[in-house]
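Q: no sequence on this one, just coordinates:
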Ligand code: SIN
């Protein structure tokens, strides 16, 4: 994919994934030409970061809507006044963080998220970085034998696996709180373990340590050793990038071909991010 740009600057964060984009003010309505370059960078780098953006929730939603329809995250109440945005907050006294395990978003839905958009409202003075990993690269690096074996497998994905990671509110007694928590145990979907990206046509490994419990037609005992191998394979350093947040940075990433992992190394500090989930399609 061509990587020259006329309207924006794109600086890769790491060879495999991630790029910082500058030269654009996301509070404004972007021309089709500018958005086309951002979208091309999104497909090339999987995760994009825009620093120093001053955005209302409405402006964040307007930019998100350029990527496609806005989806709804099933387990959180939206922020006041905007049904499309949820707040991901870890208070200074809390010790667990939301989504604190390598994953791609909402694989337990029939139509998992296309991508997610996170706007940093408050970041810790130290720590609180997020990592991403490139699942095209992870797939490409598998042996032909493993690719062949995975080609016909479907993963069973459950919202109940690691359900503590979905908690929006971290109570001392460990109880899960948030919206629709009674549905956590029933939200499940099966998807191909190797999916083909609908826009790039590339194959990627589509497993999520937070959600994938087994392969369809196989037992958990049979599936687990292969899944554990794939989870470790998928996050090798050469497939990843690590992003150091600053307040007012907006990130958008492609859940169809990338995993992410928010580090939980900032106890004693407050972090507040506002997330929009983009509606995806049925993985094939
Ligand atoms: C998420 O999984 O959406 C949260 C990412 C983060 O807090 O960095």
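A: That came in fine, so what should we check first? These figures come from a predicted structure and were not determined experimentally.

Q: who's in contact with the closest residue to residue 97 other than its chain neighbours?
A: Leaving aside its chain neighbours, residue 97 sits nearest to residue 264 (4.3 Å; criterion: Cβ to Cβ, 6 or more residues apart in numbering). C-beta here means a position set from N, CA and C on the backbone, and glycine is covered the same way. With contact set as Cβ atoms under 8 Å, 6 or more residues apart in numbering, residue 264 has these partners: 90, 95-97, 100.

Q: could those go into JSON lines alongside distance to the ligand, secondary structure and pLDDT?
A: Converted to JSON lines, the contacts of residue 264 look like this (distance: Cβ to the nearest ligand atom, whole Å; DSSP: H, G, I helix; E, B strand; the rest coil; pLDDT from 0 to 100):
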{"residue": "90", "distance to the ligand": "8", "secondary structure": "strand", "pLDDT": "93"}
{"residue": "95", "distance to the ligand": "15", "secondary structure": "coil", "pLDDT": "91"}
{"residue": "96", "distance to the ligand": "12", "secondary structure": "coil", "pLDDT": "88"}
{"residue": "97", "distance to the ligand": "7", "secondary structure": "coil", "pLDDT": "91"}
{"residue": "100", "distance to the ligand": "8", "secondary structure": "coil", "pLDDT": "91"}
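
Q: now for the residues you listed: which two are most distant?
A: Greatest spacing in the contacts of residue 264, by Cβ to Cβ: 95 and 100 (10.2 Å).

Q: same drill for those two, tell me which one is more crowded.
A: Using other Cβ atoms under 10 Å, the more surrounded residue of residue 95 and residue 100 is residue 100, with 17 against 11.

Q: contact partners for that one?
A: Per Cβ under 8 Å, 6+ apart, neighbours of residue 100: 165, 261-264.

Q: for it, give me phi and psi.
A: Dihedral pair for residue 100: phi -80, psi 50, per degrees, to the nearest 10.

Q: excluding covalently adjacent residues, which one is nearest to it?
A: Residue 100 sits nearest to residue 264 (Cβ to Cβ, 6+ apart), 4.8 Å away.
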